[in-house]
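Asks: model the following, please.
(2 chains)
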Amino acid sequence: MTLGLINANPVVHAKKERVARTEDPHGDDAVDPLEIYDILFEFFLSVLSEESITVDDKLGRILITFTPTIQHCSMATVIGLCLRVKLKHCFPPHYKVDIKVSPGSHANEESVNKQLNDKERVAAALENPNLRQLVDECLYSSEL
Amino acid sequence: MEFVDGRFELREIQKLEGHTDRVWSLAWNPATGVAGIPSVFASCSGDKTVRIWEQSHPAASWECKAVLEETHTRTVRSCAWSPSGKFLATGSFDATIAIWENVGGDFECVSTLEGHENEVKSVSWNASGTLLATCGRDKTVWIWEVLPGNEFECAAVLQGHTQDVKMVQWHPTVDVLFSCSYDNSIKIWADEGDDDDFVCVQTLDEPSNGHTSTVWALSFNSSGDKMVTCSDDLTLKIWGTDLERMHSGDGYAPWRHLCTIAGYHDRTIFSVHWSREGIIASGAADDAIRFFVEDNEKDGLVDGPKYKLLLKEEKAHEMDVNSVQWSPGEKRLLASASDDGTIKIWELASVPY
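Replies: Numbers count the residues shown, from 1 in each chain, chains lettered A, B, ... in the order given. The predicted structure is shown next:
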């Protein structure tokens, strides 16, 4: 099972031009939302917009909201899992990551959000060999 | 006990490393830590193992005495000692429950309980050690009867929750079972007749002033007439019952909401534990441990009891605190388990003015 089978004709968005930054406004150690966007952009072209990432460096918190490409997209929870795994590999472990679908973007918004942020269910899902394989495939294919 | 005039500080006694993944839960052996017996506790982890930590003498530090591995094939989510301290039950995401017997300091897996469809999330022994309750993602609560020869017979499969069941806990004195769930409710199960059938006798949900998101854990005060629950809705709730009525006749009396402790936590509260002397400890996803006590400086009993924050340990761990458990001994010792893979032992000490 691959993502291609679920959404065979995705809308492909052009990569946005970035505003060139001459200096980092947060200082050296701060996490820049643009950095996170770069990490995730490669990975799900059509599900994230730059505005949907907020970072609180002081508290070490990251909030990602994404828009599933289809309202009833059964892959929303898998996409959420992929985002979580991807971010886990890129940021210090003490960062708290919250992942949500954008308001109004999914038929079962509340239940998807609840599931994506229940760490026990996330841990169990990632121990499930089939789901784990799916997540790994998503992450691997996005890195090609 | 009066806490209002006291000053307290939390001292970190020891930090225990060994688990290679998040530590989900821990349990003190109730037969240790008292009468000069060095204290023992078990911890379980995403690394699929259970560790037994022991003091060599009552004043010594804790050391890992045993690693129980190669039995569970996935995360070990929960562990609980039988009241005698002889058996340890462990529940795992591999859908099984293992029963370990302490034979002269060595732990042998003497039984494996199968029946849950998928992840087992919690295990609890009743006060006499004759019944074991388990629950999991399959939305069911199971009651197992403990038979001679390390046999366990399924006595009931309780259906009622509409989502996965996060925790089961027996009442400390009466054989009434409590379960809390991802469906935001707490259910109370009791055997009302002579037919040995447990049925749901009460549901504490949103219309009964209950929680508005996942209920992760619950704990009773020492006498068993009050219960505290913690939730993803960032509150603790205190519930009360009529203990005399509970002890007479049918063993069940209704529980009602007494008060809500809100405004202190800003991420999910995973664990709550009530000490014998009345201090509520909470462990949350904001890495902090908090302590609450009943506030006696109030205007009569009209509004019911109120609770106040006694102390907050901001950075208790580097990551989420998954479990807080008071030790059974005389000292105010608390153990905490975290996503950072460590366990910490704390002492809540009085500070003289």
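Asks: give me the neighbour count for residue B:351.
Replies: Residue B:351: 8 surrounding residues under other CB atoms under 10 Å in any protein chain shown. Every C-beta, even on glycine, is put in place using the N, C-alpha and C of the backbone.
Asks: which residue is the nearest non-sequential neighbour of it?
Replies: residue B:7 (4.5 Å; CB to CB, 6 or more residues apart in numbering or on different chains).
Asks: got a list of what the nearest residue to residue B:286 once chain neighbours are set aside touches?
Replies: Nearest-residue entry for residue B:286: residue B:267, 4.3 Å, with adjacent residues in sequence omitted and distances by CB to CB, 6+ apart. By CB atoms under 8 Å, 6 or more residues apart in numbering or on different chains, residue B:267 lies in contact with A:96, B:234, B:284-286, B:320.
Asks: would you turn these into CSV with neighbour count, distance to residue B:208 and secondary structure?
Replies: Output for those, formatted as CSV (neighbours: other CB atoms under 10 Å in any protein chain shown; distance: CB to CB, whole Å; DSSP: H, G, I helix; E, B strand; the rest coil):
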residue, neighbour count, distance to residue B:208, secondary structure
A:96, 16, 31, strand
B:234, 21, 19, coil
B:284, 25, 24, strand
B:285, 22, 26, coil
B:286, 22, 28, coil
B:320, 23, 29, coil
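Asks: could you list the low-pLDDT ranges of chain A?
Replies: For chain A, the stretches with pLDDT under 70 are A:1-51, A:69-74, A:141-144.
Asks: up against chain B, what does chain A have?
Replies: A:93-94, A:96, A:114, A:118-121, A:123-124, A:127 (CB under 8 Å from any CB of the partner chain).
Asks: what bridges to residue 100?
Replies: Picked chain A for this. Beta bridges link residue A:100 to residue A:65, judged by DSSP bridges.
Asks: the intended chain is chain B.
Replies: Bridge pairing for residue B:100 - DSSP bridges - gives residue B:88, residue B:109.
Asks: repeat that for residue B:92.
Replies: What pairs with residue B:92, by the bridge criterion (DSSP bridges), is residue B:76.
Asks: list the residues that contact it.
Replies: Residue B:92 sits next to B:48, B:72-77, B:98, B:119-120 when contact means CB under 8 Å, 6+ apart.
Asks: so residue A:84, which state does it fall into?
Replies: helix (DSSP: H, G, I helix; E, B strand; the rest coil).
Asks: quick check: it touching residue A:97?
Replies: Yes. Between residue A:84 and residue A:97 there is a contact under CB atoms under 8 Å: 6.3 Å.
Asks: more crowded one of these two?
Replies: Neighbours per residue (other CB under 10 Å) separate residue A:84 from residue A:97, with residue A:84 holding more: 21 against 17.
Asks: show the contacting residues for that one.
Replies: A:97, A:99, A:116, A:122.
Asks: for ChimeraX, write a command that selects the buried ones of those residues.
Replies: In ChimeraX syntax, the buried subset of the contacts of residue A:84 is picked out as below (16 or more other CB atoms under 10 Å in any protein chain shown):
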select /A:97,99,116,122
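Asks: make a markdown table from the contacts of residue A:84 and add secondary structure to it.
Replies: Putting the contacts of residue A:84 into a markdown table (three-state DSSP) gives the following:
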| residue | secondary structure |
| --- | --- |
| A:97 | strand |
| A:99 | strand |
| A:116 | helix |
| A:122 | helix |
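Asks: now do the contacts for the nearest residue to residue B:231 once chain neighbours are set aside.
Replies: Distances taken as CB to CB, 6+ apart place residue B:211 nearest to residue B:231, at 4.1 Å, with adjacent residues excluded. Residues in contact with residue B:211 (CB under 8 Å, 6+ apart) are B:184-186, B:229, B:231-233, B:235, B:237.
Asks: strands - which of those land there?
Replies: Within the contacts of residue B:211, residues falling in strands by DSSP state E are B:186, B:229, B:231, B:237.
Asks: and which of those residues is nearest residue B:316?
Replies: Nearest to residue B:316 among the ones in strands among the contacts of residue B:211 is residue B:231, at 19.5 Å by CB to CB.
Asks: now, the most widely separated pair of the ones in strands among the contacts of residue B:211?
Replies: By the measure CB to CB, B:186 and B:231 form the most distant pair in the ones in strands among the contacts of residue B:211, at 9.8 Å.
Asks: intersection of neighbour lists for the two?
Replies: B:211, B:215.
Asks: about what we covered before: which of the residues of chain A next to chain B count as buried?
Replies: Buried among those (16+ other CB under 10 Å): A:96, A:114, A:118-121, A:123-124, A:127.
Asks: which ones among those residues map onto strands?
Replies: residue A:96.
Asks: between all of the buried ones among the residues of chain A next to chain B, which two are separated the most?
Replies: Most distant of these, by CB to CB, are A:96 and A:127, 21.4 Å apart.
Asks: so for stretch B:118-134, what gets flagged as buried?
Replies: The neighbour-count check on stretch B:118-134 (16+ other CB under 10 Å) flags B:119-126, B:131-134 as buried.
Asks: now it: mean pLDDT?
Replies: Regarding stretch B:118-134, the rounded mean pLDDT is 98.
Asks: now do stretch B:68-86
Replies: 97.
Asks: so what strands line up beside the helix or strand residue B:64 falls within?
Replies: Per DSSP states H and E, residue B:64 falls inside strand B:62-68. Here strand B:62-68 is paired, per DSSP bridges, with strand B:50-55 (antiparallel).
Asks: the partner strand: how far from the chain's middle?
Replies: Taking the mean of its C-alpha atoms, strand B:50-55 sits 18 Å from the chain's own mean (CA atoms, centre = their mean, to the nearest Å).
Asks: equivalent analysis for stretch B:120-137, please.
Replies: Centroid separation for stretch B:120-137 versus its chain: 11 Å, with CA atoms, centre = their mean.
Asks: now do stretch B:54-68
Replies: The answer for stretch B:54-68 is 22 Å, by CA atoms, centre = their mean.
Asks: how about it: buried residues?
Replies: So for stretch B:54-68, counting by 16+ other CB under 10 Å, buried means B:54-55, B:58, B:62, B:66, B:68.
Asks: and which of the residues you listed is nearest to chain A?
Replies: Taking CB to the nearest CB as the measure, chain A sits nearest to residue B:68 out of these, at 18.6 Å.
Asks: what's across from the closest one in the sheet?
Replies: Here residue B:68, judged by DSSP bridges, has bridge partners residue B:50.
Asks: let's see which of the residues of chain A next to chain B end up in helices.
Replies: Judged by DSSP state H, the residues of chain A next to chain B include A:114, A:119-121, A:123-124, A:127 as members of helices.
Asks: residue B:282 - how many residues pack around it?
Replies: 26.
Asks: helix or strand for it, which one?
Replies: strand B:280-284.
Asks: which other residues reach whichever helix or strand comes after that strand?
Replies: Sequence order places strand B:289-294 as the next helix or strand after strand B:280-284, per DSSP H and E. Strand B:289-294 has contacts (CB under 8 Å, 6+ apart) with B:3, B:8, B:10, B:236, B:261, B:264-265, B:278-284, B:305-313, B:316, B:321, B:324, B:334, B:336, B:346, B:348.
Asks: and those, which are buried?
Replies: Buried among the contacts of strand B:289-294 (16+ other CB under 10 Å): B:3, B:10, B:236, B:261, B:264-265, B:278-284, B:307-308, B:310-313, B:316, B:321, B:324, B:334, B:336, B:346, B:348.
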